[in-house]
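A.B. asks: Fold the following and give me the result.
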Amino acid sequence: MKGQPNLGLLFVGVMVGIVIGAGGLTLLNRQRPVPIEIVSPLPTWTPVPTATSGPIRVFVNGEVVSPAVYTLPPGSIAGDVVEAAGGFTAQADTAVINLAFPLQDGIQIYVPAMGEAAAAATDVMTLPETRNTDIPLADTGALVNINTASLEELDALPGIGPSTAQKIIDYREENGRFATIEDIMNVSGIGTSKFEQIQLLITVGE
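C.D. replies: Sure thing, here's the model as predicted:
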């Protein structure tokens with residue numbers, strides 16, 4: 001009938017509108033930016049650096065097979081340096097030596113003979129800062145003053161025989177006092193390696 005809307009066209013128009021509206025919503029959702037979330041990184045633990053201990057030098061003398069200065073790893077004990085020196089001699093009084101004693105750089109261990117144990121009991125472990133430079137090495141294991149030591153005292157140093165000991169005495173008589181312990185290397189027969197053996201055991205005094 002004229003004047004009445006065509007229901008078919010009206011239905012089609014409604015459907016087209018629904019489709020266009022749905023498409024517009026979909027497009028709008030696609031264009032909407034995704035929010036960016038900023039996450040701070042968690043703090044990381046950094047280990048504190050620790051100092052690495054270096055080797056230690058220990059002088060062992062008295063009743064051991066090879067008295068000398070020995071370089072040992074940190075954490076060594078008295079038994080380690082005695083073993084490095086070839087062990088005790090048959091005359092050693094091993095009862096006064098604590099083989100578990102922890103060592104430190106510059107320490108001296110004196111191994112007394114059986115007959116001298118009573119007199120030397122307090123001197124078997126000598127720390128660098130407690131050495132008495134006025135007492136001969138042969139008596140208590142103290143530093144040897146190369147400006148005043150006798151031939152016998154110099155001969156007791158590791159690697160220094162009677163002939164080299166005499167050269168030391170001749171040198172200081174001809175050239176005067178040693179100003180530093182390094183000056184002993186001016187003596188014929190005493191090089192760097194021999195000086196390293198005795199440097200912890202000698203002094204030039206006051």
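
A.B. asks: which regions of this structure sit below the pLDDT cut-off?
C.D. replies: Within the chain, the segments meeting pLDDT under 70 span 1-53, 116-142, 206.

A.B. asks: packing partners for the strand ranked longest in the chain?
C.D. replies: Counting by DSSP state E, the longest strand found in the chain is strand 56-62. When contacts are defined as 3 or more CB pairs under 8 Å, 6 or more residues apart in numbering; DSSP states H and E, strand 56-62 packs onto strand 68-72, helix 78-84, strand 108-111. Just so you know, the C-beta spots here come from the backbone N, C-alpha and C atoms, and that holds for glycine as well.

A.B. asks: what's in contact with that strand?
C.D. replies: Residues from elsewhere that reach strand 56-62 (CB atoms under 8 Å, 6 or more residues apart in numbering): 67-74, 76, 81-82, 84-85, 92, 103-113, 137, 141, 156, 158, 200-201.

A.B. asks: Just the buried residues of the residues you listed.
C.D. replies: Buried subset of these (neighbour count, 16 or more other CB atoms under 10 Å): 67-70, 72, 76, 81-82, 84-85, 92, 103, 106-112, 137, 141, 156, 158, 200-201.

A.B. asks: picking that back up, do you know which of the helices and strands packed on strand 56-62 lies nearest Ile181?
C.D. replies: Closest of the helices and strands packed on strand 56-62 to Ile181 is strand 68-72, at 13.4 Å (criterion: CB to CB).

A.B. asks: What pairs with the closest one, parallel or antiparallel?
C.D. replies: strand 56-62 (antiparallel) (DSSP bridges).

A.B. asks: Break this protein down into its structural domains.
C.D. replies: Per automatic domain parsing, the domain ranges recorded for the chain read 53-130, 133-206.

A.B. asks: pretty sure Leu201 contacts Val144?
C.D. replies: Yes. Counting by CB atoms under 8 Å, Leu201 does reach Val144; the two are 6.0 Å apart.

A.B. asks: Identify each of the strands in this protein and give its residue range.
C.D. replies: 56-62, 68-72, 108-111, 125-126, 144-145, 202-203.

A.B. asks: Reformat those strands as TSV; add distance to Ile168.
C.D. replies: Formatted as TSV, the strands of the chain follow (distance: least, CB to CB, whole Å):
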stretch	distance to Ile168
strand 56-62	18
strand 68-72	18
strand 108-111	21
strand 125-126	23
strand 144-145	10
strand 202-203	10
